[in-house]
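# make a model of this:
(chains A and B)
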Amino acid sequence: MSQLIRMDQSGHTTLAEWSVEDQRSVDAALAAFRAELDRGLFAVVSRPGGEAEQVRELPLDAPLVILRRPIAGG
Amino acid sequence: MTDVSLPDVASSPGTPLPERAAVHWRRQVDELVLVRAGRRWTAVTVGHSLPLVAVSGFLIALNPVTIPVALILLAHAWVIPGLYASRGANVLRTASPANADAERTALGLLGDLVGHRERELLADTGLVLERGRFGIWLVGQLGAVLVVPGGRRVYCYCVKATGDKLPSGDRIAHLLLALRSDEAGFATVANLTFSGATWRLRRRLRGADRDALRAARAVA
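The predicted model follows:
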């Protein structure tokens, strides 16, 4: 089961969980993903080996997709 | 102090950080830009201090009665570089904490993003150690310190996740994920607040941050 989570005031919130065999869960995850990107959040997939990849489409095979806020110089 | 040895992780070649668009006028940071920025910081520091030292020497040579004034000038020459280093140390300060549940949840996620040894350092110091193309990064809640290979020079960057009331673990996780996505973009978006000798920064850090800097320098 893959997860879409958003880092927020609560620590993080799970917005969707999906399995590629379950189309309804995939559709729900896609809708949640697009809604959060439209709000201005960015999506990141953490890869094994300490890499991270910025994504614009929901990678259905990723076990965990994290939504983060923009960063800015202080 | 926690002993940390990191795997040699190459920087991710993925999509550039979208936040770069907000600072499109800045030249993208690379090794050359870093070296030049470091030299510029050194030149400015010397430029501020050297005239004070020279004038104090001139005053003493002119007339010993001016020694008190010369000493004041020398004190200024000593304090000014320290103030710059203090500005750099501020990037590792902590923000006000969120509620305990949120902090626990955020730390759980952050712990999952880092390796075992980095998790130990995080528990001890509140900072995350991350190897990048430019050197070793110490990532905090409100900024990051880059220790270049060899460990003699540091670059202090002020950068944070936008919006208020994020738990401390999430603040770090935001910066860590952005750094891992695009290291050059991260250094471009962040504001450079200090660059100089590692020992100058170390003198201005609190105990736990000093330990983290020592760990970073050991693997740089």
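
# so what's the residue count around the residue of chain A found nearest chain B?
In chain A, no residue comes nearer to chain B than A:Gly11, which is 2.5 Å away by C-beta to the nearest C-beta. The C-beta positions use only the backbone N, C-alpha and C, and glycine is treated the same way. Number of residues near A:Gly11 (other C-beta atoms under 10 Å in any protein chain shown) recorded here: 24.

# and the closest residue to it other than its chain neighbours, helix, strand or coil?
The shortest distance from A:Gly11 to any non-neighbouring residue, by C-beta to C-beta, 6 or more residues apart in numbering or on different chains, is to B:Thr105 (2.5 Å). B:Thr105 falls in the helix class when you classify it by DSSP: H, G, I helix; E, B strand; the rest coil.

# so who does the residue of chain A closest to chain B touch?
By C-beta atoms under 8 Å, 6 or more residues apart in numbering or on different chains, the residues touching A:Gly11 are B:101-109, B:167, B:169-170.

# report the separation between the nearest residue to B:Ala89 once chain neighbours are set aside and B:Ala43.
Counting by C-beta to C-beta, 6+ apart, B:Arg204 is the residue found nearest to B:Ala89 once chain neighbours are left out, at 3.9 Å. Going from B:Arg204 to B:Ala43 by C-beta to C-beta, to the nearest Å gives 21 Å.

# likewise for B:Ala216?
To B:Ala43, B:Ala216 is 25 Å away according to C-beta to C-beta.

# more crowded one of the two?
Comparing B:Ala216 with B:Ala43 by neighbour count (other C-beta under 10 Å), the higher total belongs to B:Ala216, at 26 against 10.

# pretty sure the more buried one belongs to a helix, no?
Yes: under three-state DSSP, B:Ala216 falls within a helix.

# for the residue of chain B found nearest chain A, what are its contacts?
Among residues of chain B, the one nearest chain A by C-beta to the nearest C-beta turns out to be B:Thr105. It sits 2.5 Å away. Contact partners of B:Thr105, counting by C-beta under 8 Å, 6+ apart, are A:10-12, B:167, B:169.

# just the ones of those in strands?
Among the contacts of B:Thr105, the ones falling in strands (DSSP state E) are A:11-12.

# among the contacts of B:Thr105, which one has the most neighbours?
B:Pro167 (29 neighbours).

# tell me if the helix ranked longest in chain B is near chain A.
Determined from DSSP state H, the single longest helix within chain B is helix B:31-62. No: residues of helix B:31-62 are not located near chain A by C-beta under 8 Å from any C-beta of the partner chain, the shortest gap being 14.0 Å.

# now that helix: average pLDDT?
The average of the pLDDT scores along helix B:31-62 is 95.

# swap in stretch B:137-145?
97.

# just for chain B, where's the confidence low?
For chain B, the stretches with pLDDT under 70 are B:1-14.

# and the strands in it?
B:128-131, B:136-139, B:143-147, B:153-161, B:191-197.

# between strand B:143-147 and the last one, find me the angle.
Put simply, strand B:191-197 runs at 30 degrees to strand B:143-147, going by axes from the mean of the first three to the mean of the last three C-alpha atoms, to 10 degrees.

# strand B:191-197 - contacts with which helices or strands?
Applying 3 or more C-beta pairs under 8 Å, 6 or more residues apart in numbering or on different chains; DSSP states H and E, we find strand B:191-197 packed against helix B:31-62, helix B:67-89, strand B:153-161.

# between the ones you listed, which gets nearest to A:Ala43?
strand B:153-161 (14.6 Å; C-beta to C-beta).

# now that closest one, how far from the centre of its chain.
Here strand B:153-161 is found 4 Å from its chain centre; the criterion is C-alpha atoms, centre = their mean, to the nearest Å.

# does chain A sit close to it?
Yes: using C-beta under 8 Å from any C-beta, strand B:153-161 reaches chain A at B:157-161.

# could you list the paired strands of that strand along with their orientation?
strand A:71-73 (antiparallel), strand B:143-147 (antiparallel), strand B:191-197 (antiparallel) (DSSP bridges).

# just want the angle from it to helix B:31-62.
Counting by the same axes, to 10 degrees, strand B:153-161 lies at 120 degrees to helix B:31-62.

# OK, contacts around A:Leu37?
A:Leu37 touches A:43, A:56, counting by C-beta under 8 Å, 6+ apart.

# and after the helix or strand harbouring it, which helix or strand comes next?
Using DSSP states H and E, A:Leu37 sits within helix A:23-38. Next helix or strand after helix A:23-38 toward the C-terminus (DSSP H and E): strand A:42-47.

# now what about that following strand, what contacts it?
With contacts defined as C-beta under 8 Å, 6+ apart, strand A:42-47 is touched by A:33, A:36-37, A:52-56, A:58-59, A:62, A:64-70, B:12, B:18, B:113, B:177-178, B:180-181.
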